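Novice: Got a predicted model here, sequence first, then my questions.
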Amino acid sequence: MNPREGIERLLFDYCDGIDRGDFESTANLFGEAGLYGLVGSGAAEGAQQVLATFHASVRTYDGLPRTRHVVTNVVIDVHDSQTSGTARSYITVLHQAPGCALAPVVGGTYHDRVHLVDGQWQFAERRMIIELIGDMSTHLKTSPF
């Protein structure tokens, strides 16, 4: 798998893990020191803090958050070393709590720094800019940031 494909897989694995309620595998994408947070604010650092952030903030229904993270407009720049790079993408999160209508709850932009660690792509940093916010009351327990 070439670096661009590996980074695309990382972006997919993040969304897929959250949507399946597998917060542990998603948090592991940050390794021991990867940062996760909003642009311009504090951040969770490393898989354990990211995992704690997911558990503290995301509502689940029978273990599932009932979300679909849709990533579009992906731009990936691989550095000359072929072992690091950056990515930027749009994110739209769709959510449907039991008995409720499907609705977009957030729209924004991911700004990522990624690197290759022991043959696996990880987030060195995943920061978000949230531009659009819908009714998040059935999606989040509390703001993670």
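Specialist: Thanks, I have it. From a predicted model like this one, the values you see are computed outputs, not experimental measurements.

Novice: use CA for all of it now, contacts and neighbours both
Specialist: Will do.

Novice: which ones are touching the residue positioned nearest the centre of the chain?
Specialist: Nearest residue to the geometric centre of the chain (Cα atoms, centre = their mean): Tyr14, 5.1 Å. With contact taken as Cα atoms under 8 Å, 6 or more residues apart in numbering, Tyr14 is in contact with Thr26, Leu29.

Novice: And the next helix or strand past the helix ranked longest in the chain?
Specialist: Longest helix in the chain by number of residues (criterion: DSSP state H): helix 3-19. Counting by DSSP states H and E, the element after helix 3-19 in chain order, helix or strand, is helix 23-28.

Novice: Please report the distance of the residue of the chain most remote from its centre from Asp135.
Specialist: For the chain, the largest distance from the centre (Cα atoms, centre = their mean) belongs to Gly99, which lies 25.9 Å off. Between Gly99 and Asp135 the computed distance is 15 Å (Cα to Cα, to the nearest Å).

Novice: Point out where this protein drops to low pLDDT.
Specialist: 145 (pLDDT under 70).

Novice: Against which helices or strands is the helix or strand hosting Gly85 packed?
Specialist: Take DSSP H and E as the rule and Gly85 turns out to sit in strand 84-95. Under the contact definition 3 or more Cα pairs under 8 Å, 6 or more residues apart in numbering; DSSP states H and E, strand 84-95 sits against strand 67-78, strand 103-117.

Novice: tilt between the first one and strand 84-95?
Specialist: Direction vectors for strand 67-78 and strand 84-95, defined by axes from the mean of the first three to the mean of the last three Cα atoms, to 10 degrees, enclose an angle of 160 degrees.

Novice: Thanks again, I'm all set now.
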